[in-house]
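S.K.: Everything below, folded, please.
(chains A and B)
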Amino acid sequence: MRAFEYFTATDSKHAVALLAEHAPARIIAGGTDLLADLKSSPSHAPKTVVDISRATDMRKIEVNARGLCIGALVTHSEIMASKLIKEMFPALVDAAHTIGAVQTRNLGTLGGNLVTAVPSVDSGPTLVALDAQVTIAGPAGKRSLPLAEFFVGPRRTALKQDELLVEIVIPTANLDKPAHFLKMGLRKGQALALVNVASSLWVDAKKNTCRDVRIVLGAVAPTVIRAKTAEKFLEGRVATPENCAEAGRLAVEDARPISDMRASAEYRKDLVAVLAKRTLEAACVQARAMKQKGARK
Amino acid sequence: MTDVTLKINGETRSAAVPPETTLLKMLRENFNLTGAKLGCDVGDCGACTVIVDGMSVNSCLMLAAQLEGREVLTIEGLATPDRLHPIQKSFEDCASLQCGFCGPGVIMSSKALLDANPNPSVAEIRDALAGNLCRCTGYTKMIEAVQESAKAMRGRKSERVA
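M.R.: Residues are numbered from 1 along each chain as shown, chains lettered A, B, ... in the order given. Have a look, this model is predicted:
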């Protein structure tokens, strides 16, 4: 690695001040993406690195008036260990578990995973399926935008040079919303997704119809995308395996995969249909289980 | 230069390093602890695995400066001059290593696993070792060794209680 100057931020405010003072700087949190990048592409060498790994205000997992707030510095291992997240959104735990391996999950953060913004970002689909918002801090204060709009291209986000992603918020209306995540890689450990899919929906207790359907695809477009044709089809329809399968088939129309060394575009399209169907079915199963739990109360 | 003071294998150590120095480089070059190996240098192979504050990490992916005030355990911190750690003993007894380059990393990942989960299933062991690549052994004997050392360590604990 080439030489750089190094500053440690004590909290998010301090980090934003350091970013303004030493622009253009790169941010290090878990370091799993940044250091790998700086080693393999020496030309990316920054003049300054701001270390935010000690910004304690960015480590919280809590439910408040805005919803479930996950600090950008929460690691993938911490998501897997969080009782709160496991109870509300087991899909987020499943997604965290598919990232890297133990060592990288212990270091790597949710915020870092989103900021790197590769098309196969494993944290992305479930959070987009839950209408997550991101909070961004900059010199002018904080702003918030949907995660779906945060991703603007491969390895490109809506973050400006002097801004910092501080937290991810799943809105109150979506707390406990049934959701499921699936990823297909070439092997179980340390694999990039050929395709990853997350779905979420509510199922009407009386009519058994689907509402607020989200079907979100990763690794089949420049960014994480919603399969809106498929979502529209399933909205208001009865939650049956046949309808889930049809939605899966329709999701293929929204996918724009490429062929690369890992898989052909055709294979990725087949995966989209199967994974979308399975995530929808699993979300329906969760919805029914919730209904029973509710009925027992 | 950045000054770093941390605890390594129970001892407080200090070094002045350029900010771009990784934890791995500092361990090997400043402290002459060459057990953790430089393999891929990008977090794929796990040969550099050490334990920081109880968690296994790739030491090639941390800046030394990030270790200020923290506690590191390396493979050199496991054995005493006259006795191997039970995990090392099991790896030897089960003939789990051939060339040995991946060994320190695999053993540190196993240690982190057994500290958190004294009775892991085969699936949990595989998951814990997924970040450690070995090109000699095919892993089967390593999994056996982790199971054997888990047994040995559980036995040792109950003896202590008794």
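
S.K.: is it fair to say B:Val57 lies in a strand?
M.R.: Yes: assessed by DSSP: H, G, I helix; E, B strand; the rest coil, B:Val57 belongs to a strand.

S.K.: Check it and give its pLDDT.
M.R.: We have a pLDDT of 98 for B:Val57.

S.K.: number of nearby residues for A:Glu253?
M.R.: A:Glu253: 13 surrounding residues under other C-beta atoms under 10 Å in any protein chain shown. Quick note: C-beta positions are derived from backbone N, CA and C, even for glycine.

S.K.: Which strand or helix spans it?
M.R.: helix A:241-254 (DSSP states H and E).

S.K.: Also B:Asp3?
M.R.: strand B:2-8.

S.K.: Okay, now the sheet partners of that strand, with direction.
M.R.: Strands that pair with strand B:2-8, judged by DSSP bridges, come out as strand B:11-17 (antiparallel), strand B:71-73 (parallel).

S.K.: so how far is B:Gly39 from A:Lys60?
M.R.: A:Lys60 is 35 Å from B:Gly39, where distance means C-beta to C-beta, to the nearest Å.

S.K.: okay, these two: which has more neighbours?
M.R.: Per other C-beta under 10 Å, whichever of A:Lys60 and B:Gly39 has more neighbours is B:Gly39, with 21 against 13.

S.K.: and the more buried one, helix, strand or coil?
M.R.: What three-state DSSP gives for B:Gly39 is coil.

S.K.: likewise A:Thr135?
M.R.: strand.

S.K.: now the nearest residue to it once chain neighbours are set aside, what's its secondary structure?
M.R.: Nearest non-adjacent residue to A:Thr135, counting by C-beta to C-beta, 6 or more residues apart in numbering or on different chains: A:Glu167, 4.6 Å away. On the three-state scheme (three-state DSSP), A:Glu167 is labelled strand.

S.K.: Name whatever forms a beta bridge with A:Glu167.
M.R.: Applying DSSP bridges, one finds that A:Glu167 bridges with A:Gly71, A:Thr135.

S.K.: Which residue, neighbours along the chain excluded, lies closest to the one residue sitting closest to the centre of chain A?
M.R.: Central residue of chain A (C-alpha atoms, centre = their mean): A:Gly124, 2.2 Å from the mean position. Spatial nearest neighbour of A:Gly124, chain neighbours left out: A:Val224 (4.0 Å); criterion: C-beta to C-beta, 6+ apart.

S.K.: The one you found reaches A:Leu217, doesn't it?
M.R.: Yes: applying C-beta atoms under 8 Å as the test, A:Val224 and A:Leu217 come out as touching, 7.1 Å apart.

S.K.: Now list whatever residues contact both of the two.
M.R.: A:Pro125 (C-beta atoms under 8 Å, 6 or more residues apart in numbering or on different chains).

S.K.: Quick one: neighbours of the residue nearest to A:Lys277 when sequence neighbours are not counted, just the number.
M.R.: Spatial nearest neighbour of A:Lys277, excluding adjacent residues (C-beta to C-beta, 6+ apart): A:Gly248 at 3.3 Å. If you count neighbours by other C-beta under 10 Å, A:Gly248 ends up with 25.

S.K.: any idea how far A:Thr223 is from A:Gly248?
M.R.: Counting by C-beta to C-beta, the gap from A:Gly248 to A:Thr223 is 21 Å.

S.K.: cool, and A:Arg187?
M.R.: Counting by C-beta to C-beta, the gap from A:Arg187 to A:Thr223 is 25 Å.

S.K.: Looking at these two now, which is surrounded by more residues?
M.R.: Higher neighbour count among A:Arg187 and A:Thr223: A:Thr223, with 22 against 7, using other C-beta under 10 Å.

S.K.: which phi and psi does the more buried one have?
M.R.: Taking degrees, to the nearest 10, you get phi -130, psi 180 for the backbone angles of A:Thr223.

S.K.: Equivalent analysis for the one 5 residues further on, please.
M.R.: Backbone torsions of A:Lys228, given as degrees, to the nearest 10, read phi -70, psi -30.

S.K.: For the closest residue in space to it that isn't next to it in sequence, which residues are in contact?
M.R.: The shortest distance from A:Lys228 to any non-neighbouring residue, by C-beta to C-beta, 6+ apart, is to A:Asp254 (6.2 Å). Residues in contact with A:Asp254, defined by C-beta under 8 Å, 6+ apart, are A:Leu217, A:Ile225, A:Arg226, A:Ala227, A:Lys228, A:Thr229, A:Ala230.

S.K.: Could you rerun that using 10 Å?
M.R.: Going by C-beta atoms under 10 Å, 6 or more residues apart in numbering or on different chains, A:Asp254 touches A:215-217, A:220-221, A:225-231, A:272, A:276.

S.K.: So which of those sit within strands?
M.R.: A:Ile215, A:Val216, A:Leu217, A:Ile225, A:Arg226 (DSSP state E).

S.K.: Point me to the residue of the stretch 51-200 of chain A nearest chain B.
M.R.: Going by C-beta to the nearest C-beta, chain B is nearest to A:Ala101 of the stretch 51-200 of chain A, at 2.6 Å.

S.K.: Report the separation between that residue and B:Gly105.
M.R.: A:Ala101 is 11 Å from B:Gly105, by C-beta to C-beta.

S.K.: Going by neighbour count, list what's buried in stretch A:69-82.
M.R.: A:69-80, A:82 (16 or more other C-beta atoms under 10 Å in any protein chain shown).

S.K.: which residues does A:Trp202 bridge with?
M.R.: Taking DSSP bridges as the rule, A:Trp202 bridges to A:Arg211.

S.K.: count of residues packed around it?
M.R.: 19.

S.K.: ok, it touching A:Asn208?
M.R.: No: contact criterion C-beta atoms under 10 Å: A:Trp202 and A:Asn208 do not qualify, at 11.3 Å.

S.K.: Now list whatever residues contact both of the two.
M.R.: Residues touching both A:Trp202 and A:Asn208 by C-beta under 10 Å, 6+ apart: A:Ala239, A:Ala287.
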